[in-house]
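Asker: Fold the stuff below for me.
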Amino acid sequence: MIDFNANVRPAEMERIVNFELANAFIAAQVAAIRAQVGDKKVLLALSGGVDSSVVAALLIKAIGKQLVCVHVNHGLMRKDESESVIKMFRDGLDANLIYVDATDRFLDLLAGVAEPERKRKIIGKEFIEVFADEARKLEDITYLAQGTIYPDILESIKAAEGKKAVKSHHNVGGLPEDLQFELVEPIKLLFKDEVRVVGEALGLPHSMVYRQPFPGPGLGVRCLGAITRDRLHALREADAILREEFDVCGLSEKVWQYFVVIPDIKSVGVRDESRYEGWPAIIRAVNTTDAMTATIEEIPYAVLHKITYRITHEVEGINRVLMDLTPKPIGTIEWE
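Answerer: Coordinates of the predicted model:
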């Protein structure tokens, strides 16, 4: 019998590729969650991404209203992201959902910080503190659920062994000493493709299960260098255009992850017959099954031309659109 509480995936664990295997996993996890939690309450940081959404669905199936979800808007979400999370979970799944707008709190702390790992750690630390502030307001919370998946564990194991991890993951860490909950991590031995199969088997909408992967630090690792509010706004708008156009041409169902990054550099352009300095918007579109390696998706030039036109004409501050053609390895999926 597989020990799903272990931090190392057993060699005999079969890859979850169909509903039969997914339903067997769900049944085992529902039983394990009920046995672990009993009649106690569980707290979950719900980002609205695939991982936390599947964890939420599993916990709702296992323990219902004993689950309390907290959605923290750190000001680094994609366009309309928090609104869609509220609609999907509070209205659609009848989840106990607490919404916290901490935009100013995060952006003030990040002002002037350019080093990628330091940004991640600031965002991770502050996320924990905001989450802890909300947790302290609640009563009788015994457990903390997390959407940790196996690639997160692998990176953490590297760090523990003294190897240089590619990046820190802010969902692998601890709360303050006065909030020492027992962890519930039902999908921590799964790769991303398996999480999606489990999500569909749980009955989650296809659009939710195949929601674009989004890092915990959000747009903070796509607004390269020190984050400014004007460049962050430009990034959010450019990313929304990319996603709209991928939906229109059917690429959203074909490409595993696609997004825009904007570096802290400017180049000279021309607008209205005048010199116009602006940032470049860099498109990244990759395919992968497990997020450990990734290949580049070939985007038709007609689509790229339309995206370029829209971004450079609709988004203030951007005067060039570039395409990142680097696979993983050597590049990571994210830039920071």
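Asker: so who does the nearest residue to Ala285 once chain neighbours are set aside touch?
Answerer: Of all residues not flanking Ala285 in the chain, Tyr258 sits nearest, at 4.0 Å (CB to CB, 6 or more residues apart in numbering). From N, CA and C alone the C-beta is placed, and that goes for glycine too. Residues near Tyr258 by CB atoms under 8 Å, 6 or more residues apart in numbering: Gln212, Leu242, Arg243, Phe246, Leu251, Ser252, Ile283, Arg284, Ala285, Val286, Glu297.
Asker: Report how many residues lie close to the closest residue to Gly199 other than its chain neighbours.
Answerer: Spatially, and ignoring its direct neighbours in sequence, Gly199 is nearest to Val209 (3.9 Å; CB to CB, 6+ apart). Val209 has 20 neighbours, counted by other CB atoms under 10 Å.
Asker: Show me the shaky parts of this protein.
Answerer: Within the chain, the segments meeting pLDDT under 70 span 1, 158-175.
Asker: Need the nearest residue in space to the residue nearest to the spatial centre of it, chain neighbours excluded.
Answerer: Residue closest to the average C-alpha location in the chain (CA atoms, centre = their mean): Phe214, at 2.8 Å. Spatial nearest neighbour of Phe214, chain neighbours left out: Gly49 (5.1 Å); criterion: CB to CB, 6+ apart.
Asker: Outline the domain layout of the protein.
Answerer: 19-209, 222-323 (automatic domain parsing).
Asker: ok, so what distance separates the nearest residue to Phe191 once chain neighbours are set aside from Arg78?
Answerer: Of all residues not flanking Phe191 in the chain, Asp290 sits nearest, at 4.2 Å (CB to CB, 6+ apart). Per CB to CB, to the nearest Å, Asp290 is found 23 Å from Arg78.
Asker: Among those two, which residue is more densely surrounded?
Answerer: Remark: of Asp290 and Arg78, Arg78 carries more neighbours, 19 against 15, as counted by other CB under 10 Å.
Asker: which residues touch the more buried one?
Answerer: Phe214, Gly218, Leu219, Arg236, Asp239, Ala240, Arg243.
Asker: show me the contacts for the closest residue to the third one other than its chain neighbours.
Answerer: Of all residues not flanking Leu219 in the chain, Leu76 sits nearest, at 4.5 Å (CB to CB, 6+ apart). For Leu76, the contacting residues are Phe106, Ile123, Pro217, Gly218, Leu219, Gly220, Cys223, Leu232, taking CB under 8 Å, 6+ apart as the criterion.
Asker: Dihedrals phi and psi, Leu76?
Answerer: Backbone torsions of Leu76, given as degrees, to the nearest 10, read phi -120, psi 20.
Asker: roughly how far apart are it and Gly49?
Answerer: 13 Å.
Asker: go on, Asp108?
Answerer: Taking CB to CB, one finds Asp108 at 25 Å from Gly49.
Asker: which one of the two has more residues nearby?
Answerer: Gly49 (20 against 10).
Asker: Make sure that one is actually in contact with Gly147.
Answerer: Yes: in terms of CB atoms under 8 Å, Gly49 counts as a neighbour of Gly147; the distance is 7.1 Å.
Asker: On the three-state scheme, Glu237 is what?
Answerer: State at Glu237, reduced to three classes by DSSP: H, G, I helix; E, B strand; the rest coil: helix.
Asker: er, Asp108 I mean
Answerer: helix.
Asker: Pairing partners for the longest strand that the chain contains, with directions?
Answerer: As assigned by DSSP state E, the longest strand anywhere in the chain is strand 274-287. The pairing partners recorded for strand 274-287 under DSSP bridges are strand 257-261 (antiparallel), strand 267-271 (antiparallel), strand 295-296 (antiparallel), strand 318-323 (parallel).
Asker: What residues sit buried inside the following helix or strand past the third one?
Answerer: Same thing as strand 295-296. Moving toward the C-terminus from strand 295-296, the next helix or strand (DSSP states H and E) is helix 301-314. Residues Val303, Ile307, Thr308, Arg310, Ile311, Thr312 are the ones in helix 301-314 that count as buried (16 or more other CB atoms under 10 Å).
Asker: And for stretch 82-90, what's in contact with it?
Answerer: So stretch 82-90 is contacted by 46-48, 53, 56, 69, 71, 73, 95, 97, 99, 101, 208 (CB under 8 Å, 6+ apart).
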